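*Asks:* fold the stuff below for me.
(one chain, ligands or ions: 1)
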Amino acid sequence: MKAVILYDSRTSNGSTEAIIDSIGLSLAESGFYVEKAKCKATADYSFVRDFDLVVLGAPVYYFIVASQLLGALIQGNLKKCLNRKKIALFLTCGSSESMGALLYMPQLKVHLMRNKILAEKILAVDALADGSVDSFVEELLLQYNKPPKSRELSAKWTVEAQEWFHSMPSFMQGKFRAMAEEYAEEMGYKEITLEVLMEARDNLGGT
Ligand SMILES: Cc1cc2nc3c(=O)[nH]c(=O)nc-3n(C[C@H](O)[C@H](O)[C@H](O)COP(=O)(O)O)c2cc1C
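*Replies:* Numbering: from 1, shown residues only. Next comes the predicted model:
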């Protein structure tokens, strides 16, 4: 199992870096090979494809998530390279957890609509002392290690999606059904709609 922590911070050895080192250590103790990399908006993120788990973390400065991480998602190829990756998110900030979840976390999540987010957390500057970093890692590991749902519990198909599916040539149906159900399960979708099918086709076809 390989995890990479991608982060941004203006501060060397600041609170974000301390939190990252602690997360990295916990993941390593749980059997992950861990690397960390500081984001640059224009960097090439193709290397991310080699990892099973990607943790994204950054502080908030002047109401905005640190710019190199946001830039990597908006301008760079990070979003594309995160396609189908299991990810976890954390932000460090001086605001309360509820304020951070409302104002800051969406700045990242809006770029990650197609990802399975295992865990997300707003961390205070003293998060290492109050145990919230540990609980973030616990939740992340719990979700990562969750066995896939059984076929009986897998997503239900809408009528519209079934109609589209049956319009496919029959020799393609078997493979596509398995692929679509696996994709929906991976992404945590409870229902397979026409949109989910298109998404699965675009994403899986593009890899
Ligand atoms: C210049 C500056 C601006 C900040 N702006 C905000 C803000 O708008 N909202 C907030 O909740 N916290 C804000 N903070 C708090 C930081 O997000 C928090 O201290 C964070 O842990 C800093 O991470 P670092 O040590 O890696 O730089 C700000 C801190 C600094 C130094």
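*Asks:* close to the ligand: what parts of the protein are there?
*Replies:* Within the chain, the positions near the ligand by CB under 6 Å from any ligand atom are 9-11, 14-16, 59-63, 92-95, 125. Heads up, the C-betas are built off the backbone N, CA and C, glycines and all.
*Asks:* so which of those residues are in helices?
*Replies:* 15-16 (DSSP state H).
*Asks:* name the member of the residues of the chain next to the ligand with the most neighbours.
*Replies:* With neighbours taken as other CB atoms under 10 Å, the top of these is residue 92, carrying 27 neighbours.
*Asks:* just the pLDDT at the residue nearest to the spatial centre of the chain, thanks.
*Replies:* Per CA atoms, centre = their mean, the C-alpha nearest to the average position across the chain is that of residue 87, at 2.5 Å. pLDDT for residue 87: 95.
*Asks:* what values do phi and psi take at it?
*Replies:* Backbone torsions of residue 87, given as degrees, to the nearest 10, read phi -130, psi 160.
*Asks:* beta partners of residue 192?
*Replies:* residue 157 (DSSP bridges).
*Asks:* so it makes contact with residue 179?
*Replies:* No: using CB atoms under 8 Å, residue 192 is not in contact with residue 179, being 11.2 Å away.
*Asks:* neighbour-wise, which of the two wins?
*Replies:* Counted by other CB under 10 Å, residue 192 and residue 179 do not tie: residue 192 has more neighbours, with 24 against 15.
*Asks:* who are the neighbours in contact with that one?
*Replies:* 155-158, 161, 180-181, 184 (CB atoms under 8 Å, 6 or more residues apart in numbering).
*Asks:* contacting residues around residue 156?
*Replies:* The contact partners of residue 156, by CB under 8 Å, 6+ apart, come to 190-192.
*Asks:* could I get the phi/psi values of the closest residue to the ligand within the chain?
*Replies:* The nearest approach of the chain to the ligand comes at residue 14, 2.5 Å away (CB to the nearest ligand atom). With angles defined as degrees, to the nearest 10, residue 14 sits at phi -90, psi -170.
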